[in-house]
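K.L.:
Compute the structure for the input listed below.
(2 chains)
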Protein chains: 2
Amino acid sequence: MISLSDLKRRIDRGELSPDAALTQSLEAIEAQEKTIGAFVHRAKAPRAAAQGPLRGIAVGIKDIIDTSDLPTEMGSPIYRGWQPRADASVVMMLKRAGATIVGKTTTTAFAALDPTATLNPRNRGHTPGGSSAGSAAAVGAGMIPLAVGTQTGGSVIRPATFCGVAAIKPSYRLLPTVGVKCYSWTLDTVGLFAAGVDDLALALSAITGRPELAEHHFTKPLRIGVVTQDFAGPVEAASDAALRIAASAAERAGAAVRVLKLPDIFAEAWQIHPIIQDSEAHRALAWEYAAHHDEIAPKLRAKMDETAGIAPSAYQEALGITARARAAEAEAFADVDVMLTYSAPGAAPKGLASTGDPRLNRLWTLLGVPCVNVPADVADGGLPVGVQIVARFGEDATALAAARFLENALRSFR
Amino acid sequence: MISLSDLKRRIDRGELSPDAALTQSLEAIEAQEKTIGAFVHRAKAPRAAAQGPLRGIAVGIKDIIDTSDLPTEMGSPIYRGWQPRADASVVMMLKRAGATIVGKTTTTAFAALDPTATLNPRNRGHTPGGSSAGSAAAVGAGMIPLAVGTQTGGSVIRPATFCGVAAIKPSYRLLPTVGVKCYSWTLDTVGLFAAGVDDLALALSAITGRPELAEHHFTKPLRIGVVTQDFAGPVEAASDAALRIAASAAERAGAAVRVLKLPDIFAEAWQIHPIIQDSEAHRALAWEYAAHHDEIAPKLRAKMDETAGIAPSAYQEALGITARARAAEAEAFADVDVMLTYSAPGAAPKGLASTGDPRLNRLWTLLGVPCVNVPADVADGGLPVGVQIVARFGEDATALAAARFLENALRSFR
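P.N.:
Coordinates of the predicted model:
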């Protein structure tokens, strides 16, 4: 994989020109793309910026995110050739930081369920996950050092763990969703993929103009609560091993690790996530559903047909549970700085029929709290398995610092 | 003005066909539009639906709200002729309820500061207010029974009071903002204009599929807290008179009316509203600002030039104050069901140079609480002055019921 922090260090020191850094990515895309299929559209003549903390950094943008100079097709024939007028906020933030948009990455239709043709760069017989398939695969295949995705259920953390890359789903609205095709306004969250945690921290701080996001250091031993999310059902042996190894590595590196019981309201919140997601999708995609029903990808169409009858009162009740769960955050984190939990129920499923299961991600998306996937150095049949660090809402710097701590701990553990 | 509830009653009873109801609006537009100038685009051959609670109801949509079959120009030459692909969520919700979109109404550029050419239907020498100028004026002029607008500062309640129409800025996200051009994602709220409070209640309940929004009744005497928002500066005599008359009328009709002191954090929240609004506008309109700076309307451009340097830390701090103010809602409403306060500092200013001042609206937009403008039967030089009813977040039914109570009380007061 291409390390953003390494590129940036060499560019900042003048050892590497932004042009040369960009060229390295373009050449890697040229070499890898025909087998992986991570891109939908590629910029015709991408150029490196001379200024900005991310100059020379090639970025892929999930194709539900508007770009003013590249089509944005939402993974759907309904938007074939669609050219938005403006860049999405996050695209402009990247450009202002000096990054170069090299292309649009594959997405399941409207960031929902129907798999893309993208292959998992770690094992091409397996899914790269979804819905941000292309962004995870492009980083995992070593084509680009940074990519943007979105998560409504588990669409950032899941493909990241399946492709063995680091990723952050930041606090809700830390990165704006303006210009991002909406599926669920309560849940949709813009996130980032990169080779390692430092790369995420550098990118996120550069994009937001908030250096403190990359500068957090712990002055006391890190307190980690291990969470198994039993309400979400059992996981495979590989995910259990990853969590166990991550906890042991963190403990050996000096963290105070304990098993944590979550407030009961969290299980309720986990349960109602689909009500929020599916109700809002019927509002957000109402035009597509009414005017282009038969062109909607089959799994999404079936899901929407199935959920068309959710009562407004059920949705209201679900919003109430969400508010109560968010209010219980302080209680949940009372004795720990961060939580450590599974990123997915196992490694990437075989084949391309399914993008995997978001059941270990959806609670955190609903809570709006920052999550970082850390590749856990566990492999299941050659496929990577990660774990996620979860912090309080707004404590993205803590989440990143704890993930960096864990990443280092895992490196020296083996 | 055209009464939606009256039309609906006659249509429901079979005394009026949906086609005839629609024709009435189309003829009124034909008669009024050339002097008022409330519309940017009009539907070529609007037809009434045969089904739905709002069949026969003609609706105007503010031109920052996407329509799949009419251009959406954001009040700006940057979007001249721009044709979105999909209908915004609220447009689809209206269509599903049977309403007919008859046209797009004027908006200040990007729903910000620069006045439109629309005239105030009550006195053509005065502004109709902004930013939802066309929506308020079209209802006020008796062209249509229902119109959709948005409020980020005071862009629903202010034009409503200036044009003498009822309006609701519902709880944040009760009406989705999907497909609405974003100015500030924390603040932007979709609202409705109609002739009276009953019309608003019927429309809102039909659009959302939530009958309970139109059915709230008080079983005990209504408790009203009168709020003068001293932190927002002084108001003109007409607004003071309107508030005094509204309070007296409510009291005489049986409400328990008291003067209410707001928690100190509300004054702080009022203060930081512009920091949130202006910071987010720089993200939301980043592409327009970078790629089309000189085409941005002059007042908005000057405002954006002036606010380009707000530090991310100031924005973060403002979000923290917002969260604390929202958490103080229960305390603020502890002894009252609703609040009663000014809708604007006075009647519509003379001329078209300014759309008026949102300083009495911005706190409530930031809090995300429902606000209803009730024309207060006070006129200043022939121009109407309203007051607003404010309820707790999510208690839109209470806000509407209290506004209906006040509307009735004012009718029998004079």
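K.L.:
Tell me the spacing between the residue lying closest to A:Val148 once chain neighbours are set aside and A:Ala195.
P.N.:
Excluding the flanking residues, the one nearest A:Val148 by CB to CB, 6 or more residues apart in numbering or on different chains is A:Ile61, at 5.1 Å. Bear in mind the C-beta positions are built from the backbone N, C-alpha and C, glycine included. According to CB to CB, to the nearest Å, A:Ile61 stands 18 Å off from A:Ala195.
K.L.:
The two - which one has more neighbours?
P.N.:
A:Ile61 (30 against 24; other CB atoms under 10 Å in any protein chain shown).
K.L.:
Now do the contacts for that one.
P.N.:
Shown in contact with A:Ile61 (CB atoms under 8 Å, 6 or more residues apart in numbering or on different chains): A:67, A:70, A:88, A:91, A:101, A:103-105, A:135, A:147-148.
K.L.:
A strand includes A:Leu54, no?
P.N.:
No. Assessed by DSSP: H, G, I helix; E, B strand; the rest coil, A:Leu54 does not belong to a strand; its assignment is coil.
K.L.:
Return the residues in contact with it.
P.N.:
A:8, A:94, A:97-99, A:146, A:203, A:206-207.
K.L.:
Contact partners for the residue nearest the centre of chain A?
P.N.:
Centrality entry for chain A: nearest residue to the mean C-alpha point is A:Val156, 2.1 Å, by CA atoms, centre = their mean. When contacts are counted by CB under 8 Å, 6+ apart, A:Val156 touches A:132, A:149-150, A:167-169, A:189, A:191-193, A:371, A:373.
K.L.:
So which bits of chain A are right by chain B?
P.N.:
By CB under 8 Å from any CB of the partner chain, the residues of chain A that approach chain B are A:68, A:78-79, A:82, A:85-87, A:89, A:91-93, A:95-96, A:173, A:176-178, A:182, A:185-186, A:208-210, A:280, A:283-284, A:286-288, A:290-291, A:312-313, A:316.
K.L.:
out of those residues, which are buried?
P.N.:
By neighbour count, with 16 or more other CB atoms under 10 Å in any protein chain shown, those hold A:68, A:78-79, A:85-87, A:89, A:91-93, A:95-96, A:173, A:176-178, A:182, A:185-186, A:208, A:210, A:280, A:283-284, A:286-288, A:316 as buried.
K.L.:
Mind putting the contacts of A:Val156 into a markdown table with pLDDT and secondary structure?
P.N.:
A markdown table is the format used below for those (pLDDT from 0 to 100; DSSP: H, G, I helix; E, B strand; the rest coil):
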| residue | pLDDT | secondary structure |
| --- | --- | --- |
| A:Ser132 | 98 | coil |
| A:Gly149 | 98 | strand |
| A:Thr150 | 98 | strand |
| A:Ala167 | 98 | strand |
| A:Ile168 | 98 | strand |
| A:Lys169 | 98 | strand |
| A:Thr189 | 98 | strand |
| A:Gly191 | 98 | strand |
| A:Leu192 | 99 | strand |
| A:Phe193 | 98 | strand |
| A:Cys371 | 98 | strand |
| A:Asn373 | 98 | strand |
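K.L.:
Tell me which other helices or strands the worst-scoring helix or strand of chain A on mean pLDDT touches.
P.N.:
Within chain A, no helix or strand scores below strand A:371-380, which has a mean of 88 by mean pLDDT, DSSP states H and E. With contacts defined as 3 or more CB pairs under 8 Å, 6 or more residues apart in numbering or on different chains; DSSP states H and E, strand A:371-380 has these neighbours: helix A:157-163, strand A:166-169, helix A:197-208, helix A:237-252, strand A:383-390, helix A:396-413.
K.L.:
Pick the most deeply packed of those.
P.N.:
Neighbour counts (mean count of other CB atoms under 10 Å in any protein chain shown) averaged over each of the helices and strands packed on strand A:371-380 peak at helix A:157-163, with a mean of 35.
K.L.:
Run the chain-centre distance for that helix.
P.N.:
For helix A:157-163, the distance from its own C-alpha centre to the chain's C-alpha centre is 8 Å (CA atoms, centre = their mean, to the nearest Å).
K.L.:
returning to that earlier point: quick check, nearest of the contacts of A:Val156 to B:Pro46?
P.N.:
Using CB to CB, A:Thr150 comes nearest to B:Pro46 of the contacts of A:Val156, at 36.4 Å.
K.L.:
Could you find the closest non-adjacent residue to A:Ile392?
P.N.:
Let me fix one detail, which is that residue A:392 is Arg and not Ile. Closest to A:Arg392 by CB to CB, 6+ apart is A:Phe333, at 5.2 Å.
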